[in-house]
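Asks: A structural model of the following input is requested.
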Amino acid sequence: RLAARLGMVSPATLDLNVVCAGFTHALATADHAVRAGAAERAVVVGADKMSQVADWTDRGTCVLVGDDAGSGGAGIGPVLWGSVPGLGHAVRIEGTPPRFAQVG
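Replies: Numbers count the residues shown, from 1 in each chain. Model prediction:
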């Protein structure tokens, strides 16, 4: 439903089970798919419900887990040159043929 609301037709789906690192791993996977040209944009939705499997009598480990959820996305968008006041000169395209230039 989320993909449909975002106008994504026939989205690929993937279930990653890597517990704590799951969201960052999924976001990196989405980033790589976009950079490789396999996708124009990607949405990552993650949720962990560790409270159901935690041993609440083991105070050495139960304090390390919890329930959480988050979402994010990756895609190619416009470059906003000079979007930080006073730093518009730091990154630019100059010369003929055009080339990337960066201060520092």
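Asks: can you tell me the centre-most residue of this protein?
Replies: Nearest to the geometric centre of the chain sits residue 27, at 3.7 Å (C-alpha atoms, centre = their mean).
Asks: now the protein, which segments are flagged as low pLDDT?
Replies: 79-83, 104 (pLDDT under 70).
Asks: what about the lengthiest helix in the chain, distance to the chain center?
Replies: Using DSSP state H to define each element, the chain has its longest helix at helix 22-35. With C-alpha atoms, centre = their mean, to the nearest Å as the basis, helix 22-35 stands 6 Å off its chain's centre.
Asks: ok, residues contacting stretch 50-65?
Replies: Contact partners of stretch 50-65, identified using C-beta atoms under 8 Å, 6 or more residues apart in numbering, comprise 19, 66, 67. For every residue, glycine as well, the C-beta is placed using N, CA and C.
Asks: that older thread, show me what the longest helix of the chain is packed up against.
Replies: Packed against helix 22-35, as judged by 3 or more C-beta pairs under 8 Å, 6 or more residues apart in numbering; DSSP states H and E, are the following elements: strand 41-49, strand 67-75.
Asks: using CSV, write down the CA coordinates of the first one.
Replies: Spelled out, it's strand 41-49. C-alpha atoms of strand 41-49 as CSV (Å, rounded to 0.1, in the frame of the first residue of the first chain):
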residue,chain,number,x,y,z
ARG,A,41,14.0,5.4,-5.9
ALA,A,42,13.6,3.1,-3.0
VAL,A,43,11.7,3.0,0.3
VAL,A,44,12.9,1.2,3.4
VAL,A,45,10.5,0.3,6.2
GLY,A,46,11.9,-1.5,9.2
ALA,A,47,10.5,-2.8,12.5
ASP,A,48,11.9,-4.9,15.3
LYS,A,49,9.9,-6.5,18.1
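Asks: chain center to that strand: distance?
Replies: On C-alpha atoms, centre = their mean, the centre of strand 41-49 falls 9 Å from the chain's centre.
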